[in-house]
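Student: one predicted model, sequence on top.
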Amino acid sequence: MFSWLRKRRAARDIPDSLWRDLLARYPFLASRPAAELPRLRELAAQFLVTKEFHGANGLVITDAVALAIAAQAVLPVLNLGLAWYDDFVGIVVHPGEVLARRTVTDELGVVHHYNEVLAGEAMEGGPVMLNWSDVDSAGKTAEQGYNVVIHEFIHKIDMRDGAPDGCPPLPTRAARESWLAVMQAEYQAFREKVIIAERFGGEETWLDTYGATGIDEFFAVACEAYFVNRQRFEAEFPALVPLLDSFFRPA
Ligand SMILES: [Zn+2]
């Protein structure tokens with residue numbers, strides 16, 4: 001249980017057997033360009049010594065659990081660096097989906113309580129919450145472009161400059177405006193497809209319809225697919241690929 005990690009204060013190389021098991025379980029990681037894999041391994045090792053994992057509801061954080069999360073979490077920042085994640089330390093892992101109690105006050109001042117099922121959650125300047133069941137099955141769900149770890153860590157990147165808005169921090173106002181122009185247009189087009197599918201029996205979208213609930217969710221959901229099933233994502237969202245490449249793979 002976390003034995004290899006507990007012994008190490010400084011980031012060292014991940015044991016070969018752990019690394020091999022990881023790649024076998026997550027083919028979308030194994031199929032990254034060969035030149036990227038040493039960097040992925042090194043960043044994952046650094047992530048493991050700088051973050052603290054907490055198992056909730058009886059979940060035990062084993063080396064394999066921690067490494068699975070670390071290797072997926074660092075994928076978006078492979079070319080950007082771990083400093084993008086330096087505003088938090090804690091990662092809380094639940095065995096399955098989490099029922100969160102929510103409270104909203106409507107325009108009449110009436111307070112409503114409801115429960116929301118969460119696959120994960122990211123808080124501005126705070127910890128990331130994940131569910132192991134979804135993290136564990138990420139090797140299989142990559143086909144549908146689904147990945148809970150990438151989703152939550154994209155929210156963290158989006159929130160580096162305040163409330164999530166579908167745009168990561170960019171160096172200039174002009175860069176931000178041109179990013180949002182593309183993202184808005186793609187989000188609106190996706191939303192329309194989802195509405196047509198749900199209300200009028202149109203063709204179901206490949207991308208998770210959760211992306212139609214807000215531009216920040218669209219950004220996170222699109223990035224999941226971009227990172228785990230680039231080929232299909234390119235066919236579905238050709239306009240988003242150069243945009244995401246410009247941020248995640250800077251020249
Ligand atoms: Zn989300």
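Tutor: Yes, it's here.

Student: every contact and neighbour count from this point should use C-alpha atoms.
Tutor: Noted.

Student: where do the helices sit along this protein?
Tutor: 3-6, 16-25, 27-30, 37-50, 63-73, 132-136, 138-141, 148-158, 173-200, 215-228, 230-236, 240-248 (DSSP state H).

Student: of those, which approaches residue 207 most closely?
Tutor: helix 215-228 (7.5 Å; CA to CA).

Student: run the angle between the closest one and helix 173-200 for me.
Tutor: 90 degrees (axes from the mean of the first three to the mean of the last three CA atoms, to 10 degrees).

Student: go through helix 215-228 and flag the buried ones.
Tutor: For helix 215-228, burial by neighbour count (16 or more other CA atoms under 10 Å) applies to 215-228.

Student: and if you look at stretch 54-72?
Tutor: Applying 16+ other CA under 10 Å to stretch 54-72 flags 54-56, 59-63, 65-72 as buried.

Student: remind me which residues of the protein are low pLDDT?
Tutor: For the chain, applying pLDDT under 70 flags the ranges 1-11.

Student: swap the cut-off to 50 and go again
Tutor: 1 (pLDDT under 50).

Student: spatially central residue for it, please.
Tutor: Nearest to the mean C-alpha position of the chain, by CA atoms, centre = their mean, lies residue 150 at 1.7 Å.

Student: picking up where we left off before, Serialize the buried residues of helix 215-228 to a markdown table and add fields for distance to residue 118.
Tutor: Shown next, in a markdown table, are these (distance: CA to CA, whole Å):
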| residue | distance to residue 118 |
| --- | --- |
| 215 | 18 |
| 216 | 16 |
| 217 | 13 |
| 218 | 16 |
| 219 | 18 |
| 220 | 15 |
| 221 | 14 |
| 222 | 18 |
| 223 | 18 |
| 224 | 16 |
| 225 | 19 |
| 226 | 22 |
| 227 | 21 |
| 228 | 21 |
